[in-house]
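> From the sequence below, what's the structure:
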Amino acid sequence: MTTETGSFKRSLSLLDMTLLGFGAIFGSGWLFAASHVAAMAGPAGILAWVGGGVAVFFLGLVYCELSAALPEAGGIVRHPARTHGPLLGALLGFITVLAYTSLTSLEIIAARQYLGSWVPGLTRNSAGDPTLAGWFLQFFALMLMMKLNMSKMTVFAFVNNIVTFFKFLVPALVIVLLLMRMHPENYTSHGFAPFGLSRLETAISTGGVIFAYLGLTPIIAAAGEARSPQRTIPLALIFSVLLAVVVYVLLQAAFVGAVPPDMLAGGWEPIGRLFSLPFHDLAVVLGLTWLAKAVVTDAIVSPSGTGNIYMGASARILYAWAQTGTLSRWFLRVHPESGIPRRAVFVTFLMTIFWTLPFPSWDALIGVVSSALVMSYAFAPVAAGALRRAAPELPRPFRVPFFSFTSPLAFMLATLIIYWTGKSILTGLLLAQLIFLFVSGGIFTVLHRSRIQDELRNCWWVILYFSGLLALSWCGSVGGANILPAPYDALLTAGFSVLVYQFGIRQFCAEASIVDSEEIILHAQSGALSSAVVGS
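Next up is the predicted model:
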């Protein structure tokens, strides 16, 4: 074994980081979600976008505080590992890599599905599943993304900025042209909320709303490469979320208003089937052929750009996971010229290929990816609360206002979104994480027998959290046995999340020996990123 030294290069400006965040948020969600949301909630789907935006904004505020205080690569893994030990870091690494790599594949699948409207032979059925030629096209697209992510970060940022500008231009045209063709009666002909407001929960969780919004963490993953990170990261997070909320609400409002009234004779529920490619199909119906072509072009560029961002973010998560000591140090090798963890990028590429098997469509993966993404977000409020209690003197360039209210609210909203995903999806994901936690604990016992009791004491509340969510999903109204009917299941889930949050933030204090608060403070003051890497 040989030891080398390298580090990420702080080369990203506020504009670069903001466009990175907006580019990650604004992917395939806008291309598919509008008709899904309208079919689930009718015109009230606009409120789903507002609600989802509020939830992500609160989560973003918590991330602002954490990432400004500790601007390190892969912070979504590193922050919980600092507050609750490496075993929790390993769990976050597992679920985040799972979410990011599947999302990367999902974006390429979306691009291929839209391209199929131009190029015959890429999509084999109405569900959007690829032909063999379509799958190989996805494979080569992922290879090109791997190559770009192995380039210098300045090259990556330059390409991303161009792609993000184009990604914003086409939706802006769609909004303006569809608003000019509004039918106000669409908002009242079947009622503003024809299925009741309870359907907003489903629209947020599995209709594509929360999936469309969850693009904050690539900013956190790249925090080690931002210039003036204490200022840049909070501003980039806030700007990205606010811009996305405005654009998504306007897109949904334009779609609902522009649907020809005669196509609503059967209500809103068939709209998801009639407009499977919402803005492309609507443009064709309205005779705007050139706009339909522009949407298809953007539908190839936009998801590809977002997938490219998440491939790079996933590689940095693998790097951060390895820094916790629960993943092979083989991933810590940073290429000296590019400053990129190329080994992690290559493994990420292999995982994205796996997610394209066995030829899933966008619809088939959306619920799983959305739930996994929210789970990867959910622990940030607990880590921030624990750090407030254990290291109150830690310099915090950005402090969340009304933290004692905002932080548990963020955790509660994330938990509700996870719960609303439904029993069928949650069962697989939660069981996979519980199994991973126990297997990791077993491995940790072999490698660090003297510390395993401390590690398990720091993670018992996570086991309680997953087990409780699993029980609630089986007893609740979202695909469960309906022993707990709505809205009592949601109220109980919210109360349960607040209880778990209180357990979680206190556990750090009970086991403070695991994390050296003085070391954290010195780290934040210096802004240093751990740069020791080991390669063979």
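> where in the stretch 301-450 of the chain is pLDDT low?
Residue ranges of the stretch 301-450 of the chain with pLDDT under 70: 358-371, 441-442, 444-450.
> For it, just list every one of the helices.
With DSSP state H, counting those that start in this stretch as the criterion, the stretch 301-450 of the chain has helices at 342-355, 362-390, 403-420, 423-447.
> The third one to helix 423-447, inter-axis angle?
Going by axes from the mean of the first three to the mean of the last three CA atoms, to 10 degrees, helix 403-420 is angled at 120 degrees with respect to helix 423-447.
> who does helix 403-420 touch, helix- and strand-wise?
Other elements packing on helix 403-420 under the criterion 3 or more CB pairs under 8 Å, 6 or more residues apart in numbering; DSSP states H and E are helix 45-69, helix 199-206, helix 362-390, helix 452-475, helix 488-510. To be clear about C-beta, it is placed using only N, CA and C from the backbone, and glycine gets the same treatment.
> Distance to residue 124 and mean neighbour count for those - can I get that in TSV?
Converted to TSV, the helices and strands packed on helix 403-420 look like this (distance: least, CB to CB, whole Å; neighbours: other CB atoms under 10 Å):
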stretch	distance to residue 124	mean neighbour count
helix 45-69	30	25
helix 199-206	24	25
helix 362-390	13	25
helix 452-475	33	18
helix 488-510	39	18
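> Could I get the ones you listed in TSV, plus columns for distance to residue 272?
Formatted as TSV, these follow (distance: least, CB to CB, whole Å):
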stretch	distance to residue 272
helix 45-69	11
helix 199-206	11
helix 362-390	9
helix 452-475	24
helix 488-510	24
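> among those helices, which is nearest residue 113?
Taking CB to CB, helix 362-390 is the member of the helices and strands packed on helix 403-420 nearest to residue 113, at 6.0 Å.
> got TSV for the helices of the stretch 301-450 of the chain, with distance to residue 255 too?
Formatted as TSV, those follow (distance: least, CB to CB, whole Å):
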stretch	distance to residue 255
helix 342-355	28
helix 362-390	17
helix 403-420	22
helix 423-447	26
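> Ignoring the adjacent residues along the chain, who's closest to the most centrally placed residue in the chain?
Nearest to the mean C-alpha position of the chain, by CA atoms, centre = their mean, lies residue 214 at 3.7 Å. Closest residue to residue 214 apart from its sequence neighbours, by CB to CB, 6 or more residues apart in numbering: residue 373 at 4.3 Å.
> Please name the residues that touch the one you found.
99, 103, 210, 211, 214 (CB atoms under 8 Å, 6 or more residues apart in numbering).
> now, which of those sits nearest residue 328?
Distances from residue 328 to the contacts of residue 373, taken by CB to CB, are shortest for residue 99, at 20.7 Å.
> what stretches of the stretch 51-200 of the chain score poorly on pLDDT?
For the stretch 51-200 of the chain, applying pLDDT under 70 flags the ranges 73, 126-127.
> quick one, helices of it?
Along the stretch 51-200 of the chain, the segments classed as helices by DSSP H, counting those that start in this stretch run 75-84, 86-115, 132-149, 153-179, 199-206.
> Pick the most deeply packed of those helices.
Highest mean neighbour count among the helices of the stretch 51-200 of the chain (mean count of other CB atoms under 10 Å): helix 75-84, with a mean of 30.
> Isn't residue 433 up against residue 378?
No. If you go by CB atoms under 8 Å, residue 433 and residue 378 don't touch, sitting 11.3 Å apart.
> distance of the residue nearest to residue 214 from residue 181?
Using CB to CB, to the nearest Å, we find residue 373 at a distance of 34 Å from residue 181.
> nearest to residue 264, of the helices of the stretch 301-450 of the chain?
Per CB to CB, nearest to residue 264 of these: helix 362-390, 22.1 Å.
> if we can go back for a sec, for the helices of the stretch 51-200 of the chain, which one sits closest to residue 429?
Closest to residue 429 of the helices of the stretch 51-200 of the chain is helix 86-115 (CB to CB; 8.0 Å).
> So which elements touch that closest one?
Applying 3+ CB pairs under 8 Å, 6+ apart, one finds that helix 86-115 makes contact with helix 29-41, helix 75-84, helix 132-149, helix 289-323, helix 342-355, helix 362-390, helix 423-447, helix 452-475.
> how distant is it from the center of its chain?
Distance of helix 86-115 from the chain centroid (CA atoms, centre = their mean, to the nearest Å) equals 8 Å.
> tally of neighbours for the residue lying closest to residue 192 once chain neighbours are set aside?
Leaving aside its sequence neighbours, residue 192 sits nearest to residue 43 (CB to CB, 6+ apart; 5.1 Å). For residue 43, the count of nearby residues is 21 (other CB atoms under 10 Å).
> wait, isn't residue 88 in contact with residue 462?
Yes. Using CB under 8 Å, residue 88 is in contact with residue 462, at 6.4 Å.
> ok so, going back, show me the one of the helices of the stretch 301-450 of the chain that comes nearest residue 169.
Taking the helices of the stretch 301-450 of the chain one by one with CB to CB, helix 362-390 is closest: 22.8 Å.
> Give me the distance between residue 402 and residue 410.
The gap separating residue 402 from residue 410 is 12 Å, by CB to CB.
> whoops, I mixed them up, residue 58
4 Å.
> residues contacting residue 263?
271, 274, 285.
> Distance-wise, check the first one relative to residue 207.
Using CB to CB, one obtains 12 Å as the distance from residue 271 to residue 207.
> cool, and residue 500?
For residue 500, the distance to residue 207 (CB to CB) stands at 26 Å.
> on that earlier part again, okay if I get the helices of the stretch 51-200 of the chain as a markdown table plus distance to residue 389?
Formatted as a markdown table, the helices of the stretch 51-200 of the chain follow (distance: least, CB to CB, whole Å):
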| stretch | distance to residue 389 |
| --- | --- |
| helix 75-84 | 10 |
| helix 86-115 | 16 |
| helix 132-149 | 38 |
| helix 153-179 | 35 |
| helix 199-206 | 31 |
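> Please name whichever of these is nearest to residue 264.
Of all the helices of the stretch 51-200 of the chain, helix 153-179 sits nearest to residue 264, with 15.5 Å by CB to CB.
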